[in-house]
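Undergrad: need coordinates for the below:
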Amino acid sequence: MDSPPGDLERTQPLLEQARQGDAEALNRLFQLYEDKLEAFIRARLPRSARPLLETGDVFQEARLKAFEKLDRFAYRGPLSFWRWLRQIALNHIIDHHRKISRRPAQDGLGRESRLEVKEEGAQPLDGILKKEEISAFESALERVPEKQREVLLLRLELRASFAEIAQQCDFPSPDAARNAYNRWLAKLSEWM
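TA: Numbering: from 1, shown residues only. So this is what the prediction gives:
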């Protein structure tokens, strides 16, 4: 598997080919991000939704929505496609969670009851705490300036090395990229 910046650099040519109707280019484009998007979805899928919605389902839905909206996507640099995909997946998870939380389940006697999913070892507040952590992370991430947000996304979600981040974000060295990452990770934690 290529490194994330290599994937990022291949995004634009594949995107252009896909927009011209090349189905193989479209498949390769989504394959570049498949593992990363599935990991992103798995980390954000609330426990209460897991019995009703699997990571693979969210991934396929995000892929379908991205395919449908591909002609409206505006390429704005190497990380823009990843940010667009992650937002589509996040919106799908949020929409699904809203539907489930609004819809009461019926028990066998016809009385309304809340859907409760008990996992081995899960505590009642686990789902709420995870949802709040994800919300706090996404909110704090919005406060981070664009270049620093790219550094954080490259390292945290795309698992790029500091050398790759330095190259992608025009830092003079991997140490400069590491320092920027550490500084903004601390700030992100503080805001959360």
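
Undergrad: next up, phi/psi of P172, please.
TA: Note on P172: its backbone torsions stand at phi -70, psi -20 [degrees, to the nearest 10].

Undergrad: how much space separates it from L158?
TA: 21 Å (Cβ to Cβ, to the nearest Å). For glycine as for every other residue, the C-beta is placed from the backbone atoms N, C-alpha and C.

Undergrad: how about R83?
TA: R83 is 11 Å from L158, by Cβ to Cβ.

Undergrad: neighbour-wise, which of these two wins?
TA: A side-by-side neighbour count of R83 and L158, using other Cβ atoms under 10 Å, places L158 first with 22 against 15.

Undergrad: how about the more buried one, secondary structure?
TA: The three-state label given to L158 by DSSP: H, G, I helix; E, B strand; the rest coil is coil.

Undergrad: just to check, it is in contact with L85?
TA: No: taking contacts as Cβ atoms under 8 Å, L158 lies outside contact range of L85: 11.2 Å.

Undergrad: and P5, what's its pLDDT?
TA: We have a pLDDT of 55 for P5.

Undergrad: correction: Q31
TA: At Q31, pLDDT is 90.

Undergrad: which element is it on?
TA: Assigned by DSSP states H and E, Q31 falls within helix 23-44.

Undergrad: and the next helix or strand past that helix?
TA: helix 55-69.

Undergrad: tell me how far N182 lies from F162.
TA: 10 Å.

Undergrad: more neighbours: the two, which one.
TA: F162 (20 against 12).

Undergrad: quick check: closest non-adjacent residue to the more buried one.
TA: For F162, ignoring the flanking residues on the chain, the nearest one in space by Cβ to Cβ, 6 or more residues apart in numbering is P174 at 3.9 Å.

Undergrad: how many residues are close by A186?
TA: A186 has 10 neighbours, counted by other Cβ under 10 Å.

Undergrad: would you mark the buried spots in the one helix or strand it maps to?
TA: Assigned by DSSP H and E, A186 belongs to helix 174-191. Neighbour-count burial for helix 174-191 flags A177, R178, A180, Y181, W184, L185, L188 (criterion: 16 or more other Cβ atoms under 10 Å).
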